[in-house]
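Novice: Pasting the sequence and the predicted coordinates here, then a few questions.
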Amino acid sequence: MPSAEEARKKEIIRRWFEDVWNHRHADLIAELRAPDAVASGLAEGQADVRGDSLFKRAAGVFARRGGHARLRRSRRRDRLTARMYT
């Protein structure tokens, strides 16, 4: 059984992909993003994304392209994985 801390982290991850990316709530980025978070590969040929404003911009592009994130639980290790589609 996962610890309370593990359950809290999984809930943050679920909210990050479901609420921010799929339901387009970019206003939650500041609440859910770790201060040192870096995203790579959000756009082909672009630099890594750091900071709330760049994450919000990336979320807007993702939304305009009709993007969707799919969050899945690994059966073997009870880990969450995410794939983002545009």
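Specialist: Noted; the coordinates are in hand. Numbers count the residues shown, from 1 in each chain.
Novice: Okay, helices next: where are they in this structure?
Specialist: Ranges of helices in the chain, per DSSP state H, are 4-15, 29-32, 52-64.
Novice: Using CSV, please lay out the ones you listed together with mean neighbour count, mean pLDDT and distance to residue 73.
Specialist: Yep, even glycine has a C-beta here, placed from its N, CA and C like the rest. As requested, these are exported to CSV (neighbours: other Cβ atoms under 10 Å; pLDDT from 0 to 100; distance: least, Cβ to Cβ, whole Å):
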stretch, mean neighbour count, mean pLDDT, distance to residue 73
helix 4-15, 12, 90, 9
helix 29-32, 16, 94, 19
helix 52-64, 16, 87, 22
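Novice: In CSV, list these along with distance to residue 84.
Specialist: Below are these laid out as CSV (distance: least, Cβ to Cβ, whole Å):
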stretch, distance to residue 84
helix 4-15, 13
helix 29-32, 15
helix 52-64, 7
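Novice: I'd like to know which of those is closest to residue 74.
Specialist: helix 4-15 (11.8 Å; Cβ to Cβ).
Novice: Can you pull out the residues in contact with that closest one?
Specialist: With contacts defined as Cβ atoms under 8 Å, 6 or more residues apart in numbering, helix 4-15 is touched by 2, 28, 32, 71, 80, 82.
Novice: Now intersect these with the strands, please.
Specialist: Among these, the members found in strands (DSSP state E) are 71, 80, 82.
Novice: returning to what we had before: list buried residues within the contacts of helix 4-15.
Specialist: 32, 71 (16 or more other Cβ atoms under 10 Å).
Novice: would you turn the contacts of helix 4-15 into CSV with distance to residue 15?
Specialist: Converted to CSV, the contacts of helix 4-15 look like this (distance: Cβ to Cβ, whole Å):
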residue, distance to residue 15
2, 16
28, 7
32, 6
71, 10
80, 12
82, 12
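Novice: Widest-spaced pair of the contacts of helix 4-15?
Specialist: Longest span within those, Cβ to Cβ: 2 and 28, 22.8 Å.
Novice: Flag every buried residue along stretch 26-46.
Specialist: 26, 29, 32, 33, 42.
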